[in-house]
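Asks: coordinates only, no sequence provided:
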């Protein structure tokens, strides 16, 4: 059976840095086949940007979930449709 790792709210630069640095090791240690992360507060604690979403996906996150702060960053409503691995 595939193993799923779900990361709770990634908040701001410290949260992003921790995930980017530790996810490869954590994924290997836990044997995670698929990683989902909530990143609605990844941009300074309020929203997310396309750039940040792409950084998190490049770090090994397979899918990103969002929540009520999704539109806090200017222009993200125009960027979200280009991000297939981001789920509102």
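Replies: That came in fine, so what should we check first? Nothing here was measured: the structure is a model prediction, and the numbers come from that model. Numbering: from 1, shown residues only.
Asks: return the set of buried residues in stretch 19-26.
Replies: Applying a neighbour-count criterion of 16 or more other Cβ atoms under 10 Å, one finds 19-20, 23, 26 buried in stretch 19-26. Bear in mind the C-beta positions are built from the backbone N, C-alpha and C, glycine included.
Asks: right, and the pair among the residues you listed with maximum separation?
Replies: Greatest spatial distance in the buried residues of stretch 19-26: 20 and 26, 11.4 Å, computed using Cβ to Cβ.
Asks: quick one: which of the buried residues of stretch 19-26 is nearest residue 4?
Replies: residue 26 (13.1 Å).
Asks: show me what contacts that closest one?
Replies: 5, 32 (Cβ atoms under 8 Å, 6 or more residues apart in numbering).
Asks: helix/strand/coil for it?
Replies: helix (DSSP: H, G, I helix; E, B strand; the rest coil).
Asks: any idea how far it lies from residue 68?
Replies: Going from residue 26 to residue 68 by Cβ to Cβ, to the nearest Å gives 27 Å.
Asks: am I right that residue 14 is in a strand?
Replies: No: with three-state DSSP as the criterion, residue 14 is assigned helix and is not in a strand.
Asks: and the worst-scoring helix or strand of the chain on mean pLDDT, which residues are buried?
Replies: Across the helices and strands of the chain, mean confidence by mean pLDDT, DSSP states H and E is lowest for helix 76-79: a mean of 79. Buried residues in helix 76-79, counted by 16+ other Cβ under 10 Å: 76, 79.
Asks: spit out the contact partners of the closest residue to residue 65 other than its chain neighbours.
Replies: Leaving aside its chain neighbours, residue 65 sits nearest to residue 38 (4.8 Å; criterion: Cβ to Cβ, 6 or more residues apart in numbering). Residues near residue 38 by Cβ under 8 Å, 6+ apart: 6-10, 64-67.
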